[in-house]
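Undergrad: pasting the sequence and the predicted coordinates here, then a few questions.
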Amino acid sequence: MHFTLEVRSSNQPHDLERLATALAEAELVVGEFRFSRIGRHEITVCDVKTAPLKREDAAVLPRGNDTAADAAGLQRLLSTVLGPDCDIVLSPGDRRACGEAAAAPTLVLTAIMSSCASSDLGRLFGAVTRAGARFQQVYQLATPSPGADMRCIEAQIVPPAACSVRELREQLLSDMAPLPMDIALQPASLLRRSKRLLLMDMDSTLIQMEVIDALAEVHGVGEEVRAVTEAAMRGDLPFEQSLTQRVALLAGLEASALGRLADALPLTPGAERLVRVLKVLGYRLGIVSGGFTFAAERLKAQLGLDYAFANTLEVAEGKLTGRVLAPIITPERKADLLEVVAQQEHIRLAQTVAVGDGANDLLMLQRAGLGIAFHAKPRLKAAADTALSSGGLDRILYFLGLRDEDIQALDAGSQDLLSHT
């Protein structure tokens, strides 16, 4: 005989040892077991079933065919053992028998809301239900505070049977529109919390600028280069073609301009915190950019990154020639470099994260275990599995399952580490 048992208390903690002992005395086998505490309230939910009888006089409860009698007897026993301050709910059958199949695939939904309104939270819950998904667990990674007008919810859900992850995410975003919200859906596996490599695009991702546009402004060809850059990031031009066209317009620029620009690269908000926290967790970090090595190498040294891949501008007699040295970092090469670094570090692709903003990042994002379109162009945002459209780079940490208190503790730990080096 199977039962689902819920024990709830609020005035005082219920004794888990006494509960387990009572179930053992009743010769009940405990299956799935969960305990949680919310404020003063404690809830225990478990699946129990009767064990085969070894001898007739060993039974604590009646073992006939009367399910109601068995449930009533067990409820009386538990009420006696746990006392009057515990509410006991006992239902015939277990949760799996009621639709929670043991092998049902589960997803982790991470929702970052720029609004803290309770009504918006309700809309999220409603959107998940309307999509045909079922909640298993819900908890907060980030709670509203005076200095942070945002909320981050993480939920474990069972998706509808005939719905892909992409379709479910699109349905949720459509249902929530126009509320500003970023949603990630990932398989509920240990690999989600064991990522070990993060590679980022540089221009308009790690830094708040397009380096080639800045060089063009110095050289007086800003308008022409910006037009080609926009076409390339939208995906209207093949990246390699757009790069050679733009670099050709830089011919004759003094090479000294590169150093001056590298000294003033504006980091994206949250970049330093993201790097600090992930370094404490043992991540390998790097840049894979269609930009240029003089900027990527400076950022690598400044942030203490492990890798920097970018294009090299040819210089002759102290001036740019207007050519890029081979090999060029194409979209295909970006994806290949992610795989090469992962192999070199003995890290599975499922344990990698890639972040970018333009169409030339799509293949890299698709190859990674978690690909994040960061403040991305519409074409990349539509094609990527995950997008982050608000806040800084450190919001990526929520997609990795970290809570606010985890982030603060790890960030403090990074500062302690630096103070001892």
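TA: Cool, the structure landed. Residues are numbered from 1 along each chain as shown.
Undergrad: in the chain, which helix or strand is least confident?
TA: When each helix and strand of the chain is scored by mean pLDDT, DSSP states H and E, helix 67-82 comes last, with a mean of 76.
Undergrad: tell me what it is packed against?
TA: For helix 67-82, the elements it packs on are strand 2-9, helix 16-25, strand 86-92, judged by 3 or more CB pairs under 8 Å, 6 or more residues apart in numbering; DSSP states H and E. Where you see a C-beta, it was placed from the backbone N, CA and C, and this is true even at glycine.
Undergrad: for residue 258, which of the ones you listed is the nearest?
TA: In terms of CB to CB, the element of those nearest to residue 258 is helix 16-25, at 64.4 Å.
Undergrad: could I get the buried residue list for that closest one?
TA: Within helix 16-25, the residues that count as buried by 16 or more other CB atoms under 10 Å are 19, 22, 23.
Undergrad: quick one, phi psi at residue 199?
TA: Backbone torsions of residue 199, given as degrees, to the nearest 10, read phi -120, psi 140.
Undergrad: for residue 372, see how far away it is.
TA: For residue 199, the distance to residue 372 equals 11 Å [CB to CB, to the nearest Å].
Undergrad: what is in contact with the two at once?
TA: Common contacts of residue 199 and residue 372, defined by CB atoms under 8 Å, 6 or more residues apart in numbering, comprise 353, 354, 355.
Undergrad: can you give me the helices for the stretch 51-200 of the chain?
TA: Secondary structure of the stretch 51-200 of the chain (DSSP state H, counting those that start in this stretch): helices located at 67-82, 118-130, 165-176.
Undergrad: ok, and for the shortest one, which residues are buried?
TA: Buried residues in helix 165-176, defined by neighbour count with 16+ other CB under 10 Å: 165, 168, 169, 171, 172, 176.
Undergrad: repeat that for the longest one.
TA: Taking 16+ other CB under 10 Å as the neighbour-count basis, helix 67-82 is seen to contain the buried residues 70, 71, 73, 74, 77, 78, 81, 82.
Undergrad: C-alpha coordinates for that helix, PDB please?
TA: Extracted in PDB, the C-alpha atoms of helix 67-82 (Å, rounded to 0.1, in the frame of the first residue of the first chain):
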ATOM      1  CA  THR A  67      -6.900   1.500   2.600                       C
ATOM      2  CA  ALA A  68      -8.900   4.000   4.600                       C
ATOM      3  CA  ALA A  69      -8.300   2.000   7.800                       C
ATOM      4  CA  ASP A  70      -4.600   1.700   7.100                       C
ATOM      5  CA  ALA A  71      -4.400   5.500   6.500                       C
ATOM      6  CA  ALA A  72      -6.400   6.200   9.700                       C
ATOM      7  CA  GLY A  73      -4.200   4.000  11.800                       C
ATOM      8  CA  LEU A  74      -1.000   5.500  10.500                       C
ATOM      9  CA  GLN A  75      -2.400   9.000  11.000                       C
ATOM     10  CA  ARG A  76      -3.300   8.200  14.600                       C
ATOM     11  CA  LEU A  77       0.200   6.800  15.200                       C
ATOM     12  CA  LEU A  78       2.000   9.800  13.800                       C
ATOM     13  CA  SER A  79      -0.300  12.200  15.600                       C
ATOM     14  CA  THR A  80       0.600  10.500  18.900                       C
ATOM     15  CA  VAL A  81       4.300  10.500  18.200                       C
ATOM     16  CA  LEU A  82       4.600  14.000  16.800                       C
END
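Undergrad: what's the angle from it to strand 86-92?
TA: On the basis of axes from the mean of the first three to the mean of the last three CA atoms, to 10 degrees, helix 67-82 is oriented at 160 degrees to strand 86-92.
Undergrad: the second one too?
TA: Using the same axes, to 10 degrees, the interaxial angle of helix 118-130 with respect to strand 86-92 works out to 20 degrees.
Undergrad: helices or strands up against helix 118-130?
TA: Partner elements for helix 118-130 (3+ CB pairs under 8 Å, 6+ apart): strand 107-113, strand 134-142, strand 151-158, helix 165-176.
Undergrad: what pairs with the third one, parallel or antiparallel?
TA: Based on DSSP bridges, the pairing partners of strand 151-158 within the sheet are strand 107-113 (antiparallel), strand 134-142 (antiparallel).
Undergrad: around the closest residue to residue 124 other than its chain neighbours, how many other residues sit close by?
TA: Spatial nearest neighbour of residue 124, chain neighbours left out: residue 111 (5.7 Å); criterion: CB to CB, 6 or more residues apart in numbering. Counted with other CB atoms under 10 Å, residues neighbouring residue 111 total 24.
Undergrad: now the end-to-end length of stretch 349-360.
TA: Stretch 349-360 has an end-to-end distance of 19 Å (CA to CA, to the nearest Å).
Undergrad: distance between the least confident helix or strand of the chain and the chain's centre?
TA: Relative to its parent chain, helix 67-82 has a centroid offset of 43 Å by CA atoms, centre = their mean, to the nearest Å.
Undergrad: that helix vs helix 16-25, what angle?
TA: Orientation of helix 67-82 against helix 16-25 (the same axes, to 10 degrees) gives an angle of 140 degrees.
Undergrad: what's the angle between helix 67-82 and strand 2-9?
TA: Helix 67-82 and strand 2-9 are oriented at 30 degrees to each other (the same axes, to 10 degrees).
Undergrad: give me the low-pLDDT residue ranges for this structure?
TA: Applying pLDDT under 70 to the chain flags the ranges 11-14, 51-69, 94-104, 146-148, 416-421.
Undergrad: quick one, domains of it?
TA: 2-98, 107-188, 197-416 (automatic domain parsing).
Undergrad: starting at the chain centroid, how far to the first one?
TA: Per CA atoms, centre = their mean, the displacement of domain 2-98 from the mean C-alpha position of its chain is 36 Å.
Undergrad: ok, residue 314 - contacts?
TA: With CB under 8 Å, 6+ apart, residue 314 has these contacts: 320, 321, 322, 323, 324, 325.
Undergrad: try it again at 10 Å.
TA: Each residue near residue 314 by CB atoms under 10 Å, 6 or more residues apart in numbering is listed here: 247, 251, 320, 321, 322, 323, 324, 325.
Undergrad: right, and the helix or strand after the helix or strand hosting it?
TA: According to DSSP states H and E, residue 314 maps onto strand 307-316. As assigned by DSSP H and E, the chain's next helix or strand after strand 307-316 is strand 319-325.
Undergrad: which secondary structure elements does that following strand contact?
TA: Judged by 3 or more CB pairs under 10 Å, 6 or more residues apart in numbering; DSSP states H and E, the packing partners of strand 319-325 are helix 239-248, helix 256-262, strand 307-316.
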